[in-house]
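Asks: Make a model of this:
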Amino acid sequence: MNYRIALSLLLACSSLSLAATQPNIILICIDDLRPELPSFGKDYIQAPAIEGLAAEGRLFKRHYVQAPTCGASRFAMLTGLYPKTAKQLSNGAFRSHDHNSAPSFPAHLRSHGYLTSCVGKVSHYPGGFTGKNWNDKTKPELPGAWDRQPDCSGDWLTPQGLMHGYADGKARKRGKTPALEAAAKASYPDDAILDTFHQEIAFLNDQKKPWLCAVGLLRPHLPFACPKEFLACYDQTELPSIPAAKKPKQGEFWHPSAEFFGGYKHPSDPRNNAKYADAVRRHYAACVTYADSKVAEILETLESTGATKNTIIILWSDHGWHLGEQQIWGKHSPYHVALHAPLIIKTPEMLKPGVPSEAVVESIDIYPTLCELLSLPTPGHLEGTSLVKIVADPRAESDDLAIAHWGKLRSEIRSDDHQIINRKTNKTTQRYNLAKDPHESHNLAH
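Replies: Numbering: from 1, shown residues only. Model (predicted):
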């Protein structure tokens, strides 16, 4: 079946329900989730809900983000624009944007009759407000986007306390509290976010407008802290060795993992202590499984309310994360591992569900994709390309280019090629053959 026939069938099937009501949308944002999933070859990871969603939808195995940091990546996904300036490449990216002339996709949907709701970390700050403790209701992070922005803070009291929270309401003390925790019979921040989500879905389903509910989970963002039962899943797991674990050569990109080492207290250094490196990786895996349990809860709630039949589901992560590759523990790098992240799209009437796409795609493609799926006008300022043809047919091709920015560098990723380019001089400083060297150990630019 060619793309045009598949697309017409997809839209025709959708139009049967659209005649009565537009589809609802669930956007699940997961913080710092690299492709540490069985569908990406990480068989030791337990993530049945995400894997189940991939089996029912379209997994984009070559999805890349536009910046290896939370705020800038989320800015790109929500606005459909590349973050290029220093301000846009920071966690304050949204404050440097003209939201009136170039509205975000939640604002665009809202202007076309959707009721929009933000639960948890969707932009940068949980709840979507800035100001002191990130809860000043007069300072929305994404102006014009949300009808509803409920506070999910719970026992953590403020969004700032929630963001880096530990068990049962304990907040981080920068540089003094641990990077790892697993408490028995305890509540963690994503539990509070899901409590709010359940209330929000009940409200949304009880009104007549089509709705967008964006729900942002915090794990596996630091601290790697979750209920002990999830860490126990990996007690007997033999972890694979860390690929490309050596520090890059002089002249190539490297950073000292300041977020990891500066933000938390550590009993050792995973760069030279294999036992602690193993512990960090197990806690990260545990947090992935914990986040997966919350994805399961979201999907089960949709199913129980009957909303699944008319809901587009998107699962997206804001970037990858080095777990010792290039001797880095964190994000904030132009390497492939920091830019590669899961993306799954499921429509109510999927064609060829469960067949993944190998096409290179970007986060900025989500905005125009939703416009086409919903038959809404696509704003002219968008820099991404609709993925509807790939949603309809996993064999369809993309433009085979993903661009990311970080500091003075630009990453350009194609199917088998990754170039890291100095944005000022336009000179390639690092180049990798991803087919032969997926972990980027051999710089071909030298």
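Asks: Kindly export stretch 166-174 (C-alpha atoms) in PDB.
Replies: Only the C-alpha atoms of stretch 166-174 are listed here, as PDB (Å, rounded to 0.1, in the frame of the first residue of the first chain):
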ATOM      1  CA  TYR A 166      12.700  12.300  47.400                       C
ATOM      2  CA  ALA A 167      10.400  10.000  49.400                       C
ATOM      3  CA  ASP A 168       7.400  11.300  51.200                       C
ATOM      4  CA  GLY A 169       7.800  15.100  50.700                       C
ATOM      5  CA  LYS A 170      11.500  15.400  51.200                       C
ATOM      6  CA  ALA A 171      13.100  18.000  48.900                       C
ATOM      7  CA  ARG A 172      16.600  18.200  47.600                       C
ATOM      8  CA  LYS A 173      19.300  20.200  49.300                       C
ATOM      9  CA  ARG A 174      21.700  21.100  46.500                       C
END
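Asks: Contacts for that stretch, please.
Replies: 154-157, 160-161, 164-165, 177, 181, 183, 186-188, 223, 225, 262-264 (Cβ atoms under 8 Å, 6 or more residues apart in numbering). In short, each C-beta sits where N, CA and C put it, glycine included.
Asks: let's see 10 Å
Replies: Taking contacts as Cβ atoms under 10 Å, 6 or more residues apart in numbering, the residues outside stretch 166-174 that touch it are 153-158, 160-165, 177-179, 181-189, 191-192, 222-223, 225-228, 262-265.
Asks: Ok, stretch 96-104 next?
Replies: 75, 77-81, 83, 85-90, 94, 107-111, 116, 123, 140, 142-146, 367, 379-382.
Asks: try 8 Å
Replies: The list of residues contacting stretch 96-104 from outside it, by Cβ under 8 Å, 6+ apart, reads 75, 78-79, 81, 85, 87-88, 107, 111, 142-145, 379, 381.
Asks: Now do the contacts for L434.
Replies: With contacts taken as Cβ under 8 Å, 6+ apart, L434 has the following neighbours: 336, 413, 415-418, 440.
Asks: What is the distance between stretch 84-99 and the centre of its chain?
Replies: Distance of stretch 84-99 from the chain centroid (Cα atoms, centre = their mean, to the nearest Å) equals 18 Å.
Asks: Find the centremost residue of this structure, please.
Replies: S317 (1.4 Å; Cα atoms, centre = their mean).
Asks: That residue pairs with what?
Replies: Per DSSP bridges, the residues bridged to S317 are I30.
Asks: Please report how far it lies from G175.
Replies: Relative to G175, S317 is positioned 27 Å away (Cβ to Cβ, to the nearest Å).
Asks: Also F230?
Replies: Going from F230 to G175 by Cβ to Cβ gives 26 Å.
Asks: okay, the two: which has more neighbours?
Replies: Each of F230 and G175 had its neighbours counted (other Cβ atoms under 10 Å), and the higher figure belongs to F230 (22 against 11).
Asks: so the more buried one makes contact with Y290?
Replies: Yes. Under the criterion of Cβ atoms under 8 Å, F230 lies in contact with Y290, with a separation of 4.5 Å.
Asks: quick one on the thing from earlier: out of the contacts of stretch 166-174, which are inside strands?
Replies: When the contacts of stretch 166-174 are checked against strands (DSSP state E), the matches are 181-183, 225-227.
Asks: for these, which one is nearest F129?
Replies: Proximity of the ones in strands among the contacts of stretch 166-174 to F129 was ranked by Cβ to Cβ; the top entry is A225 with 23.9 Å.
Asks: bridging residues for the closest one?
Replies: A225 forms beta bridges with E181, as assigned by DSSP bridges.
Asks: what's it in contact with, if anything?
Replies: A225 is in contact with 165-167, 180-183, 188, 219, 283, 287, counting by Cβ under 8 Å, 6+ apart.
Asks: Most neighbours of all the residues you listed, which one?
Replies: If you rank those by neighbour count (other Cβ under 10 Å), C287 sits at the top with 30 neighbours.
Asks: can you pull the contacts of that one?
Replies: Under the criterion of Cβ under 8 Å, 6+ apart, the contact partners of C287 comprise 219-220, 224-226, 230.
Asks: Let's see that with 10 Å instead.
Replies: The neighbourhood of C287, defined by Cβ under 10 Å, 6+ apart, consists of 31-33, 36, 180, 182, 188, 190, 217-226, 230-231.
Asks: quick one: it is in a helix?
Replies: Yes. Residue assignment for C287, taken from DSSP: H, G, I helix; E, B strand; the rest coil, places it within a helix.
Asks: List the backbone torsions phi and psi for the nearest residue to it once chain neighbours are set aside.
Replies: Computed as Cβ to Cβ, 6 or more residues apart in numbering, the closest residue to C287 that is not its neighbour in sequence is P220, at 3.5 Å. Dihedral angles phi and psi of P220 (degrees, to the nearest 10) take the values phi -100, psi 40.
Asks: which SS class is A359?
Replies: Under the three-state scheme (three-state DSSP), A359 adopts strand.
Asks: these two touch, right, it and L387?
Replies: Yes. Taking Cβ atoms under 10 Å as the definition, A359 is a contact partner of L387 at 8.3 Å.
Asks: Need the residues touching each of the two.
Replies: 60, 63, 396, 398.
Asks: in the stretch 101-250 of the chain, which spans are strands?
Replies: Counting by DSSP state E, counting those that start in this stretch, the stretch 101-250 of the chain forms strands over residues 115-120, 129-130, 136-140, 180-183, 211-217, 224-227, given from the N-terminal end onward.
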